[in-house]
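In: Compute the structure for the input listed below.
(one chain, ligands or ions: 1)
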Amino acid sequence: MSLTLPERIDQVEQRIQTAVHRAGRARDDVTLVAVTKKFSAAVICEAYSCGLRVFGENYVQEFAEKRPALSGLTEAQFHLIGHLQSNKARQATELFHTVETVDSGKLARRLNEMGRPLEVMIEVKLSPEGTKAGAAPEELPGIIEAIRSCPNLWLTGLMTMPPWNTDPETTRPYFRRLAEVARIHGLQKLSMGMSHDLEAAIEEGATHIRVGTALFGPRPKA
Ligand SMILES: *Cc1c(COP(=O)(O)O)cnc(C)c1O
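Out: Residues are numbered from 1 along each chain as shown. Alright, predicted model coming up:
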């Protein structure tokens, strides 16, 4: 029999507790971002009623369609965790509290032009493998400077998505590297780690873990 949502949330919470304990960190230092891409607004409402408050979505258009049904979730924080195209910048600033995937100065300036205060993180690509979006570490100084000159943007940290691997020990070096890069640039927040490797991410300093499958089960195909 499959688990209920409260049971899955409980399991994830246990895993977080174990990892923060092992790492000598405080539970409050780690925010669980519930990744709800491909799931309905009803699922987000149910998760909210179970106590979850921070949600991650990948696609601006998909979230725009769900957003009207979420107006009652007054304490919810919505993070964009998928690649953002400049032509969706306006919609993104209207829908999200935080954009975790800024990867160019140009995109930062577009977001800034919309005139709304917005928390941003920079998505960093730490491996040439795959076609993942994100800025190369060498590009960071320029992007950081661009964001800091944008009065509406508040830069808090870095985000990364390592090449897919089921073994957390294979992704751990990427988490460690992101923490190093953030330290070099004086940035506090680290969004890294997903369902299968959240423990390694927490041990390497994650402040935000992005968890979908472990909370909601396999994503619907359509
Ligand atoms: C889908 C997604 C996640 C969640 O992945 P799970 O393996 O389902 O936990 C996290 N981060 C990003 C950027 C995603 O696209």
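
In: So which bits of this structure are right by the ligand?
Out: 35, 37, 58, 81-82, 161, 194-195, 210-214 (Cβ under 6 Å from any ligand atom). For every residue, glycine as well, the C-beta is placed using N, CA and C.

In: hey, where'd the strands end up in this protein?
Out: 31-35, 54-57, 77-80, 98-102, 118-124, 153-160, 189-191, 208-211 (DSSP state E).

In: between the fifth one and strand 98-102, what angle do the directions make?
Out: Angle between the axes of strand 118-124 and strand 98-102 is 30 degrees (criterion: axes from the mean of the first three to the mean of the last three Cα atoms, to 10 degrees).

In: For the lengthiest helix in the chain, buried residues please.
Out: Ordering each helix of the chain by length in residues (DSSP state H) puts helix 5-23 first. Neighbour counts using 16 or more other Cβ atoms under 10 Å place L5, R8, I9, V12, R15, I16, A19, V20, A23 of helix 5-23 among the buried residues.

In: Return the residues in contact with the residue nearest to S40 when sequence neighbours are not counted.
Out: Spatial nearest neighbour of S40, excluding adjacent residues (Cβ to Cβ, 6 or more residues apart in numbering): K66 at 7.0 Å. Going by Cβ atoms under 8 Å, 6 or more residues apart in numbering, K66 touches S40, A41, I44, E57.

In: Could you dump the residues you listed into CSV with distance to K189 and pLDDT added?
Out: Listed next are these as CSV, based on distance: Cβ to Cβ, whole Å; pLDDT from 0 to 100:
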residue, distance to K189, pLDDT
S40, 29, 98
A41, 27, 98
I44, 23, 98
E57, 18, 98
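
In: now, which of these sits nearest the ligand?
Out: Distance to the ligand across the contacts of K66 (Cβ to the nearest ligand atom) is lowest for E57, with 9.2 Å.

In: Contact partners for that closest one?
Out: V35, T36, K37, F63, K66, F78, H79, L80, I81, G82, F96.

In: how does it look with 10 Å?
Out: Residues in contact with E57 (Cβ atoms under 10 Å, 6 or more residues apart in numbering) are 33-39, 44, 63-64, 66-67, 78-82, 95-96.

In: cool, L178 as well?
Out: With Cβ under 10 Å, 6+ apart, L178 has these contacts: 124, 126, 137, 157-160, 162, 187, 190-192, 201, 204-206.

In: so what does the longest helix of the chain touch, helix or strand wise?
Out: strand 31-35, helix 41-49, helix 198-203, strand 208-211, helix 213-216 (3 or more Cβ pairs under 10 Å, 6 or more residues apart in numbering; DSSP states H and E).

In: Which stretch among those is buried most, on average?
Out: Among the helices and strands packed on helix 5-23, ranked by average contacts under mean count of other Cβ atoms under 10 Å, first place goes to strand 208-211 (a mean of 25).

In: just checking, what packs against that strand?
Out: Checking 3+ Cβ pairs under 10 Å, 6+ apart, strand 208-211 ends up next to helix 5-23, strand 31-35, strand 54-57, strand 98-102, strand 153-160, strand 189-191, helix 198-203.
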